[in-house]
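# following is a predicted model, sequence given first.
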Amino acid sequence: MSYPALTITFLGTGTSSGVPMIACDCPVCTSNYKKDNRLRSSIMVQSATTTLVVDAGPDFRYQMLRAKVKHLDAILLTHSHKDHLGGLDDVRAFNFFSHQPMQVYATEFTQEAIVREIPYAFYEARYPGLPEVKLNTMNSAFPFMVGDIPVTPIQVWHLKMPVLGFRFGAFTYITDANRIDEEEKEKIKGSDVLVLNALRKEQHISHFSLSEAIAVSQELSIPEVYLTHLSHQMGKHEDVSKELPAGVMLSYDGLQLQLPGKED
């Protein structure tokens, strides 16, 4: 399968509360080190001609401003939780400049949550300034294209909730998971880079812990692994980084990766 060279930008690498967390005085939340400050998890994937974002949480507006994004072709949503779709109203700015609805890819279940989140975007009687979105249905059975970027959805489990991860060429991104079925692991194998959620060191009911995420990455033999969706309970970036095995790294807001393309 051919795919273009990609730039991956980590727009946010924190959990649902972000880091620092409101009202917390722990050493991580009071750290002045920039890599300890984490917005809600999201990435931007860019080829020479296409720009897409995975998830648009409550920090979406600031993430777009911070990354100086002028054009966005599509948003892919992993699931229906607020920290992954709560910023969709802010697509209005892209609507204004592009004169086009924002292409939003989501499962049918997540689409129901979008309609609940921004119901006014779907009113029959519209007035100027409302966000415009075009909902596109996706599921783990069918790969698709966004511009020239191939997308392979990967179903993972967030306790009992199905969540979608995505493979873009040789890059795979998975967040909010604590279990991956064997048939879905096959879609990940052969990736050059894997991004995987690791909430904290202690076990959690619906997220991989640090040791669990490392074990999954080693089972799949991925050479380069970045951990995301990190809570303040994980510890300081510099301290935890010293404990990680070779090839496993903590991601951080603003991190950029350059991945080469492939031609058949």
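Nice, thanks for sending it over. Numbers count the residues shown, from 1 in each chain.

# for L244, see how far away the residue nearest to the spatial centre of the chain is.
In the chain, the C-alpha nearest the mean C-alpha coordinate belongs to S42, at 3.7 Å (CA atoms, centre = their mean). Going from S42 to L244 by CB to CB, to the nearest Å gives 23 Å. C-betas here are computed from N, CA, C, even on glycine.

# repeat that for E117.
Counting by CB to CB, the gap from E117 to L244 is 36 Å.

# next one: G129
From G129 to L244 the distance is 46 Å (CB to CB).

# how about F166?
For F166 relative to L244 (CB to CB), the value is 24 Å.

# more neighbours: which of these two?
Set side by side, F166 and L244 show more neighbours around F166, with 26 against 14, by other CB atoms under 10 Å.

# from what I can see that one touches V156, true?
No. F166 is beyond contact range of V156, at 10.6 Å (criterion: CB atoms under 8 Å).

# can you show me the strands along this protein?
Ranges of strands within the chain are 6-12, 42-46, 51-54, 74-76, 102-106, 133-137, 144-146, 149-158, 161-168, 171-174, 193-197, 224-228, 248-250, 256-259, based on DSSP state E.

# which of those sits most buried?
strand 193-197 (a mean of 26; mean count of other CB atoms under 10 Å).

# got the CA positions of that one in CSV?
Output of strand 193-197 as CSV, limited to C-alpha atoms (Å, rounded to 0.1, in the frame of the first residue of the first chain):
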residue,chain,number,x,y,z
VAL,A,193,5.6,4.2,15.1
LEU,A,194,2.9,3.5,17.6
VAL,A,195,1.2,6.0,19.9
LEU,A,196,-0.6,4.4,22.8
ASN,A,197,-2.4,5.7,25.9
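
# just to revisit the earlier point, turn the strands of the chain into TSV, including mean pLDDT.
Converted to TSV, these look like this (pLDDT from 0 to 100):
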stretch	mean pLDDT
strand 6-12	98
strand 42-46	98
strand 51-54	98
strand 74-76	98
strand 102-106	98
strand 133-137	98
strand 144-146	98
strand 149-158	98
strand 161-168	98
strand 171-174	98
strand 193-197	98
strand 224-228	98
strand 248-250	98
strand 256-259	98
